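predicted coordinates and the sequence they were generated for:
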Amino acid sequence: DAKTTQPNSMESNEEEPVHLPCNHSTISGTDYIHWYRQLPSQGPEYVIHGLTSNVNNRMASLAIAEDRKSSTLILHRATLRDAAVYYCILRDVGGSNYKLTFGKGTLLTVNP
Amino acid sequence: GAVVSQHPSWVICKSGTSVKIECRSLDFQATTMFWYRQFPKQSLMLMATSNEGSKATYEQGVEKDKFLINHASLTLSTLTVTSAHPEDSSFYICSARDSGRGNYEQYFGPGTRLTVT
C-alpha cells in the first residue's frame, strides 16, 4: 500500500471545526482513501472513505484534492469524544488483499 | 450491526504459559479476519491474516509457531500466544471483513490487553 504522511498531533477546541490533513503523493488510481480513528484503549473504528469525490457521512467529511495527492478529514464540530488518534490509510481495492497498514496517525486533542 | 467482540478483554498470565484470545463477528460472516498487536504509544502492527478454513498468512517477522491462529468458522478466529514471555505483553486487536458487503470497511474488536508476568 502507498504511504501516507500525517502530522503527529493537532489540537482543537470543543465545538470548533477540525481539519486533519493527510498527504499521499504516491497514491495510485485504484487506491481508496480510508480514515479510521482509535479512542484510548479501544480498537479502531471506521470513519469515512473515498476515491475521488468529496464524501460526507454522519461522522465527518472527506475532502480529496483534485490530483488525489492529499486529503483532509473534517470534523465539523469537535467534541471531547472526538479525542483520538486518526489514521489515514490507502488501500487498493482492485486486488484481493484486504489488509490495512496503519501509520502513526494524528493524535487529536480537544480542549473544553 | 457489524459488531466484533473479543474475549477476554484483559488477561494476566505467567511466563511460559499459553493464552487464547477469541475474536467473534456477532452479526455477520467473516471469511477474513486480521490480528494486530499494539505496544504502548505505538501504532497497530498487523500480525497475520486469518482465512476461514485455511492456514493463516503471517506478516514478516511474526513467528507462526508462537502465535497460533485458527479460523474454524465464519464467525470465530482464535489467537493463541504460546509460551508467553513478558515481551509478548501488548494490546491485541482483531478485525473482520464482512463477506456479504463491499470491501470498504473493516470492523475492529475492542482489543485484549495481555500482561505476562
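Sure, I can see it.

helix or strand: which one has residue B:15?
Residue B:15 belongs to no helix or strand when elements are defined using DSSP states H and E.

how many residues are close by residue B:10?
11 (other C-beta atoms under 10 Å in any protein chain shown). C-betas here are computed from N, CA, C, even on glycine.

do the same with residue B:45
When neighbours are counted by other C-beta under 10 Å, residue B:45 registers 17.

which ones are touching it?
A:102, B:36, B:37, B:38, B:59 (C-beta atoms under 8 Å, 6 or more residues apart in numbering or on different chains).

wait, the fourth one touches residue B:94, no?
Looking back up the chat, that one is residue B:38. No. Residue B:38 lies out of contact with residue B:94 (C-beta atoms under 8 Å); the separation is 11.7 Å.

between the two, point out the one with more neighbours.
Ranked by neighbour count (other C-beta under 10 Å), residue B:38 and residue B:94 place residue B:94 first, with 31 against 19.

what sits closest to the more buried one if chain neighbours are left out?
With C-beta to C-beta, 6 or more residues apart in numbering or on different chains as the criterion, residue B:94 has its nearest non-adjacent residue at 3.5 Å, and that residue is residue B:23.

surely that neighbour and residue B:33 touch.
Yes. Here residue B:23 reaches residue B:33: they are 5.9 Å apart, a contact under C-beta under 8 Å.

out of the contacts of residue B:45, which are inside strands?
B:36, B:37, B:38 (DSSP state E).

just the buried ones from the contacts of residue B:45, in ChimeraX syntax?
The ChimeraX selection below is limited to those of the contacts of residue B:45 classed as buried (16 or more other C-beta atoms under 10 Å in any protein chain shown):
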select /A:102 /B:36,37,38
